[in-house]
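Trainee: Have a look; sequence and predicted model below, questions after that.
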Amino acid sequence: MTTELEHMIAGELYNAADPQLSAMRDRAHALCEDYNRSVEADVQLRSRIQSALLPHMGANGYIAGPVYLDYGDFVTIGEDFYANFDLTILDVCPVTIGDKVMFGPHTSIVTPIHPMRWQDRNIRKAADGSDFDYEYGAPITIGDNCWLATNVTVTGGVTIGEGCVIGAGSMVTHNIPANSFAAGVPCKVIRPITEDDAMSMPHRVPER
């Protein structure tokens with residue numbers, strides 16, 4: 001028999017009140033609370049919590065906190081990830097984030113989707129008297145070397161190609177092709193990012 005977890009990951013309607021899923025969320029939410037209570041100077045503690053919360057995260061990842069995740073187990077993040085304050089990832093479907101990705105403050109990555117009709121969406125009563133509802137989701141993919149500016153929301157089913165910049169306050173509801181500057185509500189491609197955007201970089205800091 002297919003479990004509610006398997007239905008969820010497949011993007012099918014699932015019972016969000018399933019005991020297995022509830023226990024997994026409780027664990028993730030507790031780890032988020034631990035992380036959010038910690039201080040940035042306690043690097044070892046934060047590293048332990050981060051590894052437990054995001055087991056599929058590459059090296060040199062940094063999350064300023066606070067952070068809010070539904071599960072964490074279904075998020076894959078590459079190397080050199082940076083997230084500024086107030087990161088939310090609702091990973092009822094897989095979230096895949098590439099290498100060297102930067103998130104500004106208040107970034108939200110949200111895979112859940114609720115039915116449009118209230119008859120399908122509203123809370124139901126199980127035979128034992130408990131409440132539950134049916135929802136579903138769609139995966140999100142963000143390519144390497146992307147920067148999402150402050151207050152960006154990415155919704156389920158979206159792929160953002162590598163090398164993109166998403167402008168502040170954007171609501172990304174459709175795919176964005178690689179190497180694009182995109183912004184707005186809903187987010188639309190403004191123009192490609194080209195060599196004309198290159199800056200004359202200083203060399204005050206020695207580099208390898």
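Mentor: The structure has been received and is ready for your questions. All of these numbers come straight from a predicted model, not from anything done at the bench. Numbers count the residues shown, from 1 in each chain.

Trainee: in this protein, which spans are helices?
Mentor: 4-9, 19-37, 43-53, 118-121 (DSSP state H).

Trainee: And those: which comes nearest residue 95?
Mentor: helix 4-9 (11.5 Å; Cβ to Cβ). Glycine gets a C-beta too; all of them are placed from N, C-alpha and C.

Trainee: Restricting to C-alpha, output that closest one in PDB.
Mentor: Below are the C-alpha coordinates for helix 4-9, written out as PDB (Å, rounded to 0.1, in the frame of the first residue of the first chain):
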ATOM      1  CA  GLU A   4       0.800   9.200   2.500                       C
ATOM      2  CA  LEU A   5       4.500  10.200   2.400                       C
ATOM      3  CA  GLU A   6       4.900   8.500  -1.000                       C
ATOM      4  CA  HIS A   7       1.700  10.300  -2.300                       C
ATOM      5  CA  MET A   8       3.100  13.600  -1.000                       C
ATOM      6  CA  ILE A   9       6.500  13.300  -2.600                       C
END
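
Trainee: which strands and helices sit next to it?
Mentor: strand 14-15, helix 19-37 (3 or more Cβ pairs under 8 Å, 6 or more residues apart in numbering; DSSP states H and E).

Trainee: So what's the gap between the last one and the chain middle?
Mentor: On the basis of Cα atoms, centre = their mean, to the nearest Å, helix 19-37 is displaced by 16 Å from the centre of the chain it belongs to.

Trainee: avg pLDDT for that helix?
Mentor: Averaging pLDDT along helix 19-37 yields 98.

Trainee: what's it in contact with?
Mentor: 3-5, 8, 14-15, 46, 49-50, 52-53, 63, 65-73 (Cβ atoms under 8 Å, 6 or more residues apart in numbering).

Trainee: can we see that at 10 Å?
Mentor: When contacts are defined by Cβ atoms under 10 Å, 6 or more residues apart in numbering, helix 19-37 is touched by residues 3-5, 8, 14-16, 18, 45-46, 48-54, 63, 65-74, 86-89, 91-92.

Trainee: Just want the angle from it to helix 43-53.
Mentor: 160 degrees (axes from the mean of the first three to the mean of the last three Cα atoms, to 10 degrees).

Trainee: Now helix 19-37 - C-alpha only, PDB.
Mentor: Extracted in PDB, the C-alpha atoms of helix 19-37 (Å, rounded to 0.1, in the frame of the first residue of the first chain):
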ATOM      1  CA  PRO A  19       0.900  10.500  11.800                       C
ATOM      2  CA  GLN A  20       4.200   9.800  10.000                       C
ATOM      3  CA  LEU A  21       4.200  13.200   8.400                       C
ATOM      4  CA  SER A  22       3.100  14.900  11.600                       C
ATOM      5  CA  ALA A  23       6.000  13.400  13.400                       C
ATOM      6  CA  MET A  24       8.500  14.400  10.700                       C
ATOM      7  CA  ARG A  25       7.200  18.000  10.700                       C
ATOM      8  CA  ASP A  26       7.300  18.100  14.500                       C
ATOM      9  CA  ARG A  27      11.000  17.100  14.400                       C
ATOM     10  CA  ALA A  28      11.800  19.700  11.700                       C
ATOM     11  CA  HIS A  29      10.000  22.500  13.500                       C
ATOM     12  CA  ALA A  30      11.800  21.700  16.800                       C
ATOM     13  CA  LEU A  31      15.100  21.800  15.000                       C
ATOM     14  CA  CYS A  32      14.100  25.200  13.500                       C
ATOM     15  CA  GLU A  33      13.300  26.500  16.900                       C
ATOM     16  CA  ASP A  34      16.700  25.300  18.200                       C
ATOM     17  CA  TYR A  35      18.400  27.000  15.300                       C
ATOM     18  CA  ASN A  36      16.500  30.200  15.700                       C
ATOM     19  CA  ARG A  37      17.300  30.400  19.400                       C
END
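
Trainee: I'm done for today, thanks for sticking with me.
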